[in-house]
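> Next comes the sequence, and after it the predicted model I'd like to discuss.
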Amino acid sequence: MSENPAFTQIRSDLSENDVVLYMKGTHVFPQCGFSAVVVNILTNLGVTFKSVNVLEDDEIRQAIKEYANWPTIPQLYIKGEFIGGCDIVKEMFSDGDLQKLLKDKGIPLDNAA
């Protein structure tokens, strides 16, 4: 039995990009408030990231929920590790934990936020 092509694509995205955000819409035009919050946090930190619009691909939209065993979108990954959704990212940012994690993982921050 062959692997679901959506899982193959997710693994490829995560291995080829240090920071990946699975979201509704694009980083330029988020289509949900939760996705917009995470985009704003990453943008304000100056983090380069790949965004994947789950609204364009129902298979990816479903597969990413199964991949992380996490039922909601957005989902943030750093160096292939699932970090969390909007509330977790927002709390980590407020506490300074997100900035520390990014620095510890060698992800450059262009803005001192």
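Yes, it's here.

> alpha carbons only for contacts and neighbour counts from here, please
Fine.

> in this protein, which spans are strands?
Listed in chain order, the strands of the chain (DSSP state E) span 19-23, 50-53, 75-78, 81-84.

> Of all these, which one is nearest K100?
Taking C-alpha to C-alpha, strand 75-78 is the member of the strands of the chain nearest to K100, at 12.2 Å.

> helices and strands around that closest one, which ones?
Using 3 or more C-alpha pairs under 8 Å, 6 or more residues apart in numbering; DSSP states H and E, the elements in contact with strand 75-78 are strand 19-23, strand 81-84.

> what's the closest of those to F93?
Closest to F93 of those is strand 81-84 (C-alpha to C-alpha; 11.7 Å).

> buried residues in the closest one?
Within strand 81-84, the residues that qualify as buried are F82, I83, G84, counting by 16 or more other C-alpha atoms under 10 Å.

> now, among those, which is nearest to W70?
For these, the residue nearest W70 by C-alpha to C-alpha is G84; the value is 8.3 Å.

> I73 is in contact with that closest one, correct?
No: counting by C-alpha atoms under 8 Å, I73 is not a contact partner of G84; they are 9.3 Å apart.

> Using CSV, lay out the strands of the chain together with distance to D13 and mean pLDDT.
As requested, the strands of the chain are arranged in CSV below (distance: least, C-alpha to C-alpha, whole Å; pLDDT from 0 to 100):
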stretch, distance to D13, mean pLDDT
strand 19-23, 7, 98
strand 50-53, 8, 97
strand 75-78, 10, 98
strand 81-84, 12, 97
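
> Pass me the low-pLDDT residue ranges in this protein, would you?
Applying pLDDT under 70 to the chain flags residues 1-2, 111-113.
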